[in-house]
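J.: Here is a sequence together with a model predicted from it:
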Protein chains: 4
Amino acid sequence: MTLRVSIVVGNPKPKSRTLKVAETLVEKLFDEGSYDVEVIDLADHAQEIFAWPSEKMAALNASVAASDVVVFASPTYKATYTGLLKAFLDRYPANGLAGVTAIPVLTGADLSHSMGPTVNLAPLLVELGASVPGRGFYFVAGQMDHLDEIVSAAAAEYAANLRRLSNVAAHLGTGIPTLV
Amino acid sequence: MTLRVSIVVGNPKPKSRTLKVAETLVEKLFDEGSYDVEVIDLADHAQEIFAWPSEKMAALNASVAASDVVVFASPTYKATYTGLLKAFLDRYPANGLAGVTAIPVLTGADLSHSMGPTVNLAPLLVELGASVPGRGFYFVAGQMDHLDEIVSAAAAEYAANLRRLSNVAAHLGTGIPTLV
Amino acid sequence: MTLRVSIVVGNPKPKSRTLKVAETLVEKLFDEGSYDVEVIDLADHAQEIFAWPSEKMAALNASVAASDVVVFASPTYKATYTGLLKAFLDRYPANGLAGVTAIPVLTGADLSHSMGPTVNLAPLLVELGASVPGRGFYFVAGQMDHLDEIVSAAAAEYAANLRRLSNVAAHLGTGIPTLV
Amino acid sequence: MTLRVSIVVGNPKPKSRTLKVAETLVEKLFDEGSYDVEVIDLADHAQEIFAWPSEKMAALNASVAASDVVVFASPTYKATYTGLLKAFLDRYPANGLAGVTAIPVLTGADLSHSMGPTVNLAPLLVELGASVPGRGFYFVAGQMDHLDEIVSAAAAEYAANLRRLSNVAAHLGTGIPTLV
């Protein structure tokens, strides 16, 4: 079965480096042809993000929520995710990302905000019901020349975590009710 | 293969309700006989927790780090985990819980600190390299009469999350280097 | 000298209860006639909040930054401030609220997110250089009938904190350079 | 009136650089002779920190709570304050630091944990009722050669914040009940 992947980018400027980082992470995690990916560059939807109701936004929200894996990527503004990304997530009801494996990615100018993905973005995604397989990923924007190796190392860590979690899943009790 | 489970309890008082909550969660998640469990009640080790070096503490740390699943459970003190639990975790080097699936549990007097497991304890465990399959679990101490049903619901959610994560693991690319 | 006060409300719906809570807090803190207050209901500016540049938004940002006291009030969405409020704050450069005394206010449906103002909104305002005199203020929306007494108690605590901070200010060393 | 200042250091090793940083900050903020300072190096009390009751610990807790200003300083362990510092703070009842002006200080190896004082230590102190006049202070341990200038800049920022807060205090309404 083809894996369904989404990338949601919270940069108010389109086609950002942040988007590139997220795409690279997906390419490192999964083999070409084994997944479908939808990229939602929120810069393209800023004018409609506070419209309510909005068929277009509802469709985007639904598509992301139905994904197996979502990379939520944002530049670091004020030590955390952007208002644009938060505005997109605010459209969900409680538990709106249940069932989603989410990877929080923040890009920033230097190391000083490197706690952001783990202490700010990950708890937000988890609040919505998503599961985050390990640390959030922080990428220093000045390291684009080393994008490939840095993202490969992050992907290897996520893969190791996912395999360990999978091992635990295989030992779950037989009596646990199947949610979904 | 038998799953290796640990329970680490950060209550300065031994044999607490917090310990009972953690044990119940483990019982709900896994079938009897399918796992070994070690319970570390840190109240029994408070006098040695700042000793350095300490063979006994080192053995406890190593045993927990070698577990497949660890429930870290603490009463809520000042809106977060106890100093006793933190002192135990402080003994690890960076990334000392890599490979561990961790479940953060806080018990508290009322709902007002229910964000604690997700915003405080989970990021701490993740900082050490552990993976947390979803939300932290907050248990209102006055609900001991409903322990069974509340913990069952939490276990069902962790199980659902773990199965979803396992599905993602099954789709990981063939070229990702195997860490550890 | 007349105190300059601003209220910034991050509710996507205008004229919200959140706005009412913030106004009441200001009325409790300061005597009528001793201050000027500007209310910025961000619901009125959602369509322009991502526009760049925007003279109107720049004027609002500047007015807030020039205030002595700002109440930043938002409903709780996903356990934290709204994307709308964050989008407004994202328009500031680093340290853009330096010199401002900020009071973080979140309203929510029940106690379960009551840590939000202190762990999420206050650090965001502080990151921008503002000073927060104590806890963030969380108001349970169902308590509007008790608005007056609940807000009075919060105001009394902020006042006590401000007087204590003022006492410390009076003891500052003579050699400290005056930043402005 | 002489200002009462305390320094509480959460480093399990005594006489640490963290202590030196905290002392320097106090010296920069206040003129010699204008304050009394008590230094509590928790390394000296680790063996008694979990004892309950303990006259000695109770006396230390009381002395800190009666201070006008307290610098809480800790090395960064696992991206946040140490378990030793938390264990000391855990001994307080709710609101046990009400009335205290607290300055959170963390020292760390590099910039990657620089959000720690603001997102972890400050909210903990605020939860206990203390007021923090601005950002937490993060000091990179390798910068001891520049201790004087770095701490001077931080002191200048705290002083500016305190003066601004003092100005707000001067405008407080006449009808606000005086808490103590």
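T.: Received, thanks. Numbering: from 1, shown residues only, chains lettered A, B, ... in the order given.

J.: which non-adjacent residue is nearest residue A:29?
T.: Distances taken as Cβ to Cβ, 6 or more residues apart in numbering or on different chains place residue A:155 nearest to residue A:29, at 5.0 Å, with adjacent residues excluded. All C-beta spots, glycine's among them, are computed from the backbone N, C-alpha and C.

J.: Report the distance from the helix or strand that the one you found is a member of to the chain centre.
T.: Taking DSSP states H and E as the definition, one finds residue A:155 inside helix A:147-170. Relative to its chain's centre, helix A:147-170 lies at 15 Å (Cα atoms, centre = their mean, to the nearest Å).

J.: just stretch A:125-132 next, same as before
T.: On Cα atoms, centre = their mean, the centre of stretch A:125-132 falls 10 Å from the chain's centre.

J.: Kindly export that stretch (C-alpha atoms) in PDB.
T.: Provided in PDB are the C-alpha atoms of stretch A:125-132 (Å, rounded to 0.1, in the frame of the first residue of the first chain):
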ATOM      1  CA  LEU A 125       1.200  18.500  17.200                       C
ATOM      2  CA  VAL A 126       0.800  16.000  20.100                       C
ATOM      3  CA  GLU A 127      -2.000  18.200  21.500                       C
ATOM      4  CA  LEU A 128      -3.800  17.600  18.300                       C
ATOM      5  CA  GLY A 129      -3.400  13.800  18.600                       C
ATOM      6  CA  ALA A 130      -0.400  13.300  16.400                       C
ATOM      7  CA  SER A 131       2.600  11.100  17.400                       C
ATOM      8  CA  VAL A 132       6.100  12.400  17.000                       C
END
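
J.: quick one: it near chain C?
T.: Yes - using Cβ under 8 Å from any Cβ of the partner chain, stretch A:125-132 reaches chain C at A:127, A:128.

J.: which residues does residue A:173 contact?
T.: B:28, B:29, B:30, B:31, B:34, B:159 (Cβ atoms under 8 Å, 6 or more residues apart in numbering or on different chains).

J.: ok, so what distance separates the third one from chain A?
T.: Plainly put, residue B:30 is 5 Å away from chain A if you go by Cβ to the nearest Cβ, to the nearest Å.

J.: Now do that residue, the pLDDT please.
T.: At residue B:30, the model reports a pLDDT of 98.

J.: any idea which element the closest residue in space to it that isn't next to it in sequence lies in?
T.: Counting by Cβ to Cβ, 6+ apart, residue B:30 lies nearest to residue A:173, which is 5.1 Å off, once chain neighbours are set aside. Using DSSP H and E, residue A:173 sits in no helix or strand.

J.: Ramachandran angles for residue A:173?
T.: Note on residue A:173: backbone dihedrals following degrees, to the nearest 10 are phi -60, psi 150.

J.: Please report the distance of it from residue B:162.
T.: Distance of residue A:173 to residue B:162, given as Cβ to Cβ, to the nearest Å: 11 Å.

J.: For residue A:175, which residues are in contact?
T.: By Cβ under 8 Å, 6+ apart, the neighbours of residue A:175 are residue B:31.

J.: Show me the strands in chain A, by range?
T.: A:3-9, A:35-41, A:69-75, A:101-108, A:137-140 (DSSP state E).

J.: relative to strand A:3-9, how tilted is the fourth one?
T.: The reference is to strand A:101-108. With axes from the mean of the first three to the mean of the last three Cα atoms, to 10 degrees defining the directions, strand A:101-108 sits at 30 degrees from strand A:3-9.

J.: Would strand A:101-108 count as contacting chain B?
T.: Yes - judged by Cβ under 8 Å from any Cβ, strand A:101-108 and chain B are in contact via residue A:101.

J.: just checking, what packs against that strand?
T.: helix A:17-29, strand A:69-75, helix A:122-127, strand A:137-140, helix B:147-170 (3 or more Cβ pairs under 8 Å, 6 or more residues apart in numbering or on different chains; DSSP states H and E).

J.: where does chain A dip in pLDDT?
T.: A:179-180 (pLDDT under 70).

J.: List, one by one, the residues from it near chain D.
T.: A:79, A:110, A:111, A:112, A:113, A:114, A:115, A:116, A:118, A:119, A:120.

J.: Filter those down to the buried ones and express that as a PyMOL selection.
T.: Written as a PyMOL command, the selection of buried residues from these, which uses 16 or more other Cβ atoms under 10 Å in any protein chain shown, is:
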select buried, chain A and resi 79+112+113+114+115+116+118+119+120
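
J.: now, which of the residues of chain A next to chain D lie close to chain C?
T.: Within these, those near chain C by Cβ under 8 Å from any Cβ are A:79, A:120.

J.: Which member of the residues of chain A next to chain D is positioned nearest residue A:54?
T.: residue A:120 (26.2 Å; Cβ to Cβ).

J.: most neighbours per residue, which of the helices and strands packed on strand A:101-108?
T.: Stretch with highest mean neighbour count among the helices and strands packed on strand A:101-108: strand A:69-75 (a mean of 28; mean count of other Cβ atoms under 10 Å in any protein chain shown).

J.: which outside residues touch that one?
T.: So strand A:69-75 is contacted by A:3-11, A:16, A:18-19, A:21-22, A:25-26, A:29, A:35, A:64, A:81-82, A:84-85, A:89, A:97, A:100-108, A:121, A:125, A:130, A:141, B:168 (Cβ under 8 Å, 6+ apart).
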